[in-house]
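[1] Here is the input, now give the coordinates:
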Amino acid sequence: QVQLVESGGGKVQAGGSLKLSCVASGSTFSTLGWYRTALGKQRELVAVIDGGGSTNYADSVKDRFTVSRDNAKNTAYLQMNGLKPEDTARYYCNADLLDPRTGSVLEYDYWGQGTQVTVSS
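    Residues are numbered from 1 along each chain as shown. So this is what the prediction gives:
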């Protein structure tokens, strides 16, 4: 079964840190995006990492969040430092899932189930 599974969310106080993981099982990925959805707000793109490791960030998280990947583990990470109450949201990873042997697309635009991050003031 091919899927993306996020983990690492939790409850922290403002100024704290969390590291989210997104693991692709039965597959791999090239470009992967981290998104978040807060109550009453639209989904927001937080960070993107491409197959070569280039990254982009939303202005709201720049200099606080870092996206990275471990290709050997088919895993992407989102290191979140200096967390603020406005970072409270459910965080999702999204990617086209690829066959590790051939690189062909197994699933387009796959979303994980998300992991909740809650930051208290």
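[2] Need phi/psi at the residue most central in space within the chain.
    When C-alpha atoms, centre = their mean is applied to the chain, the residue found nearest the centroid is Trp34 (3.3 Å). Note on Trp34: backbone dihedrals following degrees, to the nearest 10 are phi -100, psi 130.
[3] what are the bridge partners for it, then?
    Ala47, Cys93 (DSSP bridges).
[4] if I look at it, how far off is Arg101?
    According to C-beta to C-beta, to the nearest Å, Trp34 and Arg101 sit 26 Å apart. Every C-beta, even on glycine, is put in place using the N, C-alpha and C of the backbone.
[5] go on, Thr31?
    Counting by C-beta to C-beta, the gap from Thr31 to Arg101 is 19 Å.
[6] Pick out whichever of the two has more residues nearby.
    Ranked by neighbour count (other C-beta atoms under 10 Å), Thr31 and Arg101 place Thr31 first, with 13 against 7.
[7] In contact with the more buried one, which residues?
    Remark: with contacts taken as C-beta atoms under 8 Å, 6 or more residues apart in numbering, Thr31 is in contact with 48-51, 95-96.
[8] where's it, which helix or strand?
    Following DSSP states H and E, one finds Thr31 within strand 28-37.
[9] who's in contact with Thr115?
    With contacts defined as C-beta under 8 Å, 6+ apart, Thr115 is in contact with 6-9, 20, 90-91.
[10] among these, which are in strands?
    Among the contacts of Thr115, DSSP state E puts 6-7, 20, 90-91 in strands.
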